[in-house]
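J.: next input, structure requested:
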Amino acid sequence: MFKSSRPNNSRPRIAVAGATGRVGSALLTSLVSVPLDLVALTRNPNAQRVPSGVSLAMVDFDVPSSLGDALRGADRLFLAHGTSPRQVANEIALIDAAVAEGVGQIVKLSAMGPPSRLHPMDWHMQIEAHLATLDIGYTVLRPSAFVDILARAGAQIAEDAWGGAAGDGVVNLIDTRDVADAARVALLDDAHPTAQRAYHLTGSRAVSMAEIAEEVSKLLGRTVTYQQRSAAEQREKLLASGLNEFVADLLLGLDRLFHESALAETTSTVETLTGHAPRSVAGWLSENISKFRK
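T.: Numbering: from 1, shown residues only. Modelled structure (predicted):
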């Protein structure tokens, strides 16, 4: 494990932005057993979803000084931000604050995919481009789509109403825990602290929605089908379910990438970094099958 470069600091300090998100929370859980000074950056003053022993630091993106205060003394920063129209501005502000405070390395959660105008892929591209102009060590993690997105289909599958505009395309879904494991390795790496790297993270193989339906059918003991819809039909369904236009369009963008098999790439990066094979979609479905029961 790396040693802190800060004077009079016996333990390295890692700041985690997005600590209550899917990857951030899994990352913190994996780091609490390591002799570190962990601080969770949060915008929520009532945040309680952090492990015991992790300190909280409030950040307010409308108060720039709060970013520097939260990062003071940190050696490394894990950077994740929920998808929102403010994502680019907020992440860049946090990156700049980290540089100003002397943080030595940033591990940024990005997204895999082709150059695109689709959100949030285009936003991540802008943030990565800014990061590349700075004199700081960084690791960019570009995972494919998270397998957790299948949880959105839980109620639909239970009601035999699952469908979308993904067509017969395939996607290599990745388990959140594998991304957190890769982030852990990057944050603790002492071999190349000033390196500037990017990793593409995927599961073990690409699958279609029809294959996922087949696996869910086996686990539930009944036939589950994926109903093929046009993009317009799916957008109407999403809006009718109560989602706002922003979220509906994000989900439609994912369906478009799935339809085009734009996230079908398979890499060995998870195993190379962590020493274990990526978790399977079938395994995740088995662990979470209760989400799909009537």
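
J.: buried residues in the helix or strand of the chain with the lowest mean pLDDT?
T.: For the chain, the helix or strand with the lowest mean confidence is strand 55-58, at a mean of 90 (criterion: mean pLDDT, DSSP states H and E). Of the residues in strand 55-58, Ala57 count as buried by neighbour count, 16 or more other Cβ atoms under 10 Å. To be clear about C-beta, it is placed using only N, CA and C from the backbone, and glycine gets the same treatment.

J.: helix or strand next in line after it, which one?
T.: helix 64-71 (DSSP states H and E).

J.: pLDDT of that following helix, averaged?
T.: Mean per-residue pLDDT for helix 64-71: 95.

J.: try stretch 146-163
T.: Rounded mean pLDDT across stretch 146-163 is 93.

J.: list of residues touching that stretch?
T.: Stretch 146-163 is contacted by residues 22, 173-176, 179, 203, 212-213, 216, 220, 224-229, 234, 237, 251, 254, 281, 284-285, 288, 291-294 when judged by Cβ atoms under 8 Å, 6 or more residues apart in numbering.

J.: for stretch 61-76, same thing?
T.: Residues outside stretch 61-76 that contact it (Cβ under 8 Å, 6+ apart) are 2, 4-6, 9, 12-15, 39, 41, 43, 57-60, 77, 86, 89-90, 93-94, 97-98, 100-101, 103-107, 187.

J.: just the C-alpha atoms of that stretch, please, in PDB.
T.: Below are the C-alpha coordinates for stretch 61-76, written out as PDB (Å, rounded to 0.1, in the frame of the first residue of the first chain):
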ATOM      1  CA  PHE A  61     -20.800  23.000  -5.200                       C
ATOM      2  CA  ASP A  62     -22.300  26.500  -4.900                       C
ATOM      3  CA  VAL A  63     -19.600  27.200  -2.300                       C
ATOM      4  CA  PRO A  64     -16.200  26.500  -3.900                       C
ATOM      5  CA  SER A  65     -14.300  26.800  -0.700                       C
ATOM      6  CA  SER A  66     -16.100  23.800   0.800                       C
ATOM      7  CA  LEU A  67     -14.500  21.600  -1.900                       C
ATOM      8  CA  GLY A  68     -11.000  22.600  -0.800                       C
ATOM      9  CA  ASP A  69     -11.900  22.200   2.900                       C
ATOM     10  CA  ALA A  70     -13.200  18.700   2.300                       C
ATOM     11  CA  LEU A  71     -10.100  17.600   0.400                       C
ATOM     12  CA  ARG A  72      -7.500  19.200   2.600                       C
ATOM     13  CA  GLY A  73      -4.900  16.600   3.600                       C
ATOM     14  CA  ALA A  74      -6.100  14.000   1.200                       C
ATOM     15  CA  ASP A  75      -3.500  12.000  -0.700                       C
ATOM     16  CA  ARG A  76      -5.900  10.500  -3.200                       C
END
